[in-house]
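Trainee: need a structure here:
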Amino acid sequence: MEILSDPQVWLAFVTLTALEIVLGIDNIIFIAILVARLPKELQPRGRSIGLGLAMFTRIALLLSITWIMRLSNDLFTVLDQGISGRDLILIGGGLFLLAKSTMEIHSSLEGEGEEHEQNGKGSASFISIVTQIAIIDIVFSLDSVITAVGMADDVEVMIAAVVAAVAVMMFMAGPISNFVDRHPTIKVLALSFLIMIGTALIGEGVGFHIPKGYVYFAMAFSVAVEMLNIRVRKKLDAKPVKLRKQIEE
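Mentor: Have a look, this model is predicted:
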């Protein structure tokens, strides 16, 4: 119980929770876009399972801190640049995001039309969506776990911060998903963010560090501009164009 009376512990908990929420924004965007391809009745369940996987992945990694620290050791060298296990995960995750986001943009603009959706063929497989969420959760978890290890000394504080952050993200995920689904330009913008994040992950993996502040500023600025566009379109009573759905056999 002594840990609960230490103000430094509470300060670390609050700060770490806030950082975990910020670092989880890209995860929410990815989950929102994937879950939008599920039938309406399955979307809340998909979001909950996706964020639940994110929480358990982070906790599992926190309980494997020794293994996480070993991931920083170089496995081999390419052009005088050491490549570690963490780098390989970041590069792989970045490539996955680039490929997935590009395919999502393509299918949204040139995918199957509404007649397929009306025939019941527009719904993605629940298992395939959850699997994709689980894969990318591992990549997104690395940053948050490394941040947690660097900010707090007690594993209990780290786990409590992760649970609190995921609880907030679960509360935010529904409104964010609905908003993205209602505004097609926001969905394309969010996919563009994922391309940018994927590029940053690959850069991080090959030793080129892109400060997160630059990425978050670009995202915030783009969203602010699009909010103005949405407001103007609303005043003009202009209906947004409908994006197409990707079909999974």
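
Trainee: can we go C-alpha only for contacts and neighbour counts from here?
Mentor: Fine.

Trainee: Run through the strands of the protein in chain order.
Mentor: 74-78, 81-84 (DSSP state E).

Trainee: got a list of what the residue lying closest to L16 once chain neighbours are set aside touches?
Mentor: Once flanking residues are discounted, L16 sits nearest to A161: 6.1 Å by C-alpha to C-alpha, 6 or more residues apart in numbering. By C-alpha atoms under 8 Å, 6 or more residues apart in numbering, A161 lies in contact with F13, V14, L16, T17, E20.

Trainee: Run through the residues that contact I138.
Mentor: A54, T57, R58.

Trainee: Then T199?
Mentor: Applying C-alpha under 8 Å, 6+ apart, the residues near T199 are G94, L95, L98.

Trainee: what's the pLDDT at P240?
Mentor: Listed pLDDT for P240 reads 61.

Trainee: That should have said I68, apologies.
Mentor: So, for I68, pLDDT stands at 66.

Trainee: got it, and D137?
Mentor: The model's pLDDT for D137 equals 76.

Trainee: and it, what is it in contact with?
Mentor: Contacts of D137 by C-alpha under 8 Å, 6+ apart are N27, L53, A54, T57.

Trainee: Could you rerun that using 7 Å?
Mentor: Contacts for D137 (C-alpha atoms under 7 Å, 6 or more residues apart in numbering) come out as A54.

Trainee: I'd like the distance between it and M103.
Mentor: Distance of D137 to M103, computed by C-alpha to C-alpha, to the nearest Å: 19 Å.

Trainee: what do you get for A54?
Mentor: 23 Å.

Trainee: same check, this time on E226
Mentor: 22 Å.

Trainee: for the protein, which residue is closest to the average position?
Mentor: Centroid-nearest residue in the chain, with C-alpha atoms, centre = their mean: N27, separated by 1.5 Å.

Trainee: one step back: please convert the contacts of A161 to CSV, extending it with pLDDT.
Mentor: Below are the contacts of A161 laid out as CSV (pLDDT from 0 to 100):
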residue, pLDDT
F13, 77
V14, 80
L16, 76
T17, 79
E20, 74
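
Trainee: re the thing from before, could you check which of A54 and M103 is surrounded by more residues?
Mentor: A54 (26 against 15; other C-alpha atoms under 10 Å).

Trainee: what sits against the more buried one?
Mentor: Applying C-alpha under 7 Å, 6+ apart, the residues contacting A54 are D137.

Trainee: where does it land on pLDDT?
Mentor: pLDDT, A54: 79.

Trainee: now S72, nearest residue through space, not along the chain?
Mentor: Per C-alpha to C-alpha, 6+ apart, closest to S72 is S84, 5.5 Å.

Trainee: doesn't T77 make contact with that neighbour?
Mentor: No. Contact between S84 and T77 fails when scored by C-alpha atoms under 7 Å: they sit 8.8 Å apart.

Trainee: which of those two has more neighbours?
Mentor: Neighbour count, other C-alpha under 10 Å: between S84 and T77, S84 has more, with 19 against 10.

Trainee: which residues sit in contact with that one?
Mentor: Going by C-alpha under 7 Å, 6+ apart, S84 touches L71, S72, N73, D74, L75.

Trainee: Where in this structure is the helix or strand with the lowest mean pLDDT?
Mentor: helix 114-118 (a mean of 45; mean pLDDT, DSSP states H and E).

Trainee: Compare the strands of the chain and report which one is nearest to M170.
Mentor: Closest to M170 of those is strand 81-84 (C-alpha to C-alpha; 32.6 Å).
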